[in-house]
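Participant: Could you work out the structure for the sequence below:
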Amino acid sequence: MNQIAYFNTTGFATISQNTGSVEGGTEIEINLIAFSEAPTFVSFGGMPATIVTATTGKVIIITPKHNKGIVDVVISNYKQNKTFNHAFSYK
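Facilitator: Numbering: from 1, shown residues only. This next block holds a predicted model:
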């Protein structure tokens, strides 16, 4: 399992795994910087992920089902919204 680093203009995150099954069910840890509140929503290619645990510095999720391909990961709470483009690949 490789940890992948992603940057955008408002923060930084590492994603513990950047590939998973189209059937979903992959547990992923996303480490965050610049989140003032814990994430309340995470999506993969527009599909909501199941949040297992979330803090201002880390969120652990279970990936949703999705069609094969590379998708954006969106992490948000009521104050912030961050998109990590092309961050996860469904196989």
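
Participant: Centre-most residue in the chain?
Facilitator: Geometric centre of the chain, nearest residue: residue 73, 4.7 Å, by C-alpha atoms, centre = their mean.

Participant: residue boundaries of the strands in this protein?
Facilitator: Here the chain has its strands, by DSSP state E, at 4-8, 11-15, 19-20, 27-33, 41-44, 47-48, 50-54, 58-62, 69-76, 81-90.

Participant: Quick check: buried residues in the longest one?
Facilitator: The neighbour-count check on strand 81-90 (16 or more other C-beta atoms under 10 Å) flags 82, 84, 87, 88, 90 as buried. Where C-beta positions appear, they are placed from N, C-alpha and C, glycine not excepted.

Participant: swap in the fourth one?
Facilitator: Applying a neighbour-count criterion of 16+ other C-beta under 10 Å, the buried positions in strand 27-33 are 28, 29, 30, 32.

Participant: Could you list every helix and strand in contact with it?
Facilitator: When contacts are defined as 3 or more C-beta pairs under 8 Å, 6 or more residues apart in numbering; DSSP states H and E, strand 27-33 packs onto strand 11-15, strand 58-62, strand 69-76.

Participant: Switch these over to TSV; also include mean pLDDT.
Facilitator: Shown next, in TSV, are the helices and strands packed on strand 27-33 (pLDDT from 0 to 100):
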stretch	mean pLDDT
strand 11-15	72
strand 58-62	95
strand 69-76	94
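
Participant: Kindly reformat those as a markdown table containing distance to residue 24.
Facilitator: As requested, the helices and strands packed on strand 27-33 are arranged in a markdown table below (distance: least, C-beta to C-beta, whole Å):
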| stretch | distance to residue 24 |
| --- | --- |
| strand 11-15 | 16 |
| strand 58-62 | 7 |
| strand 69-76 | 12 |
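
Participant: among those strands, which is nearest residue 47?
Facilitator: Closest of these to residue 47 is strand 69-76, at 8.3 Å (criterion: C-beta to C-beta).

Participant: Pairing partners for the closest one, with directions?
Facilitator: Partner strands for strand 69-76, per DSSP bridges, with pairing direction: strand 41-44 (antiparallel), strand 81-90 (antiparallel).
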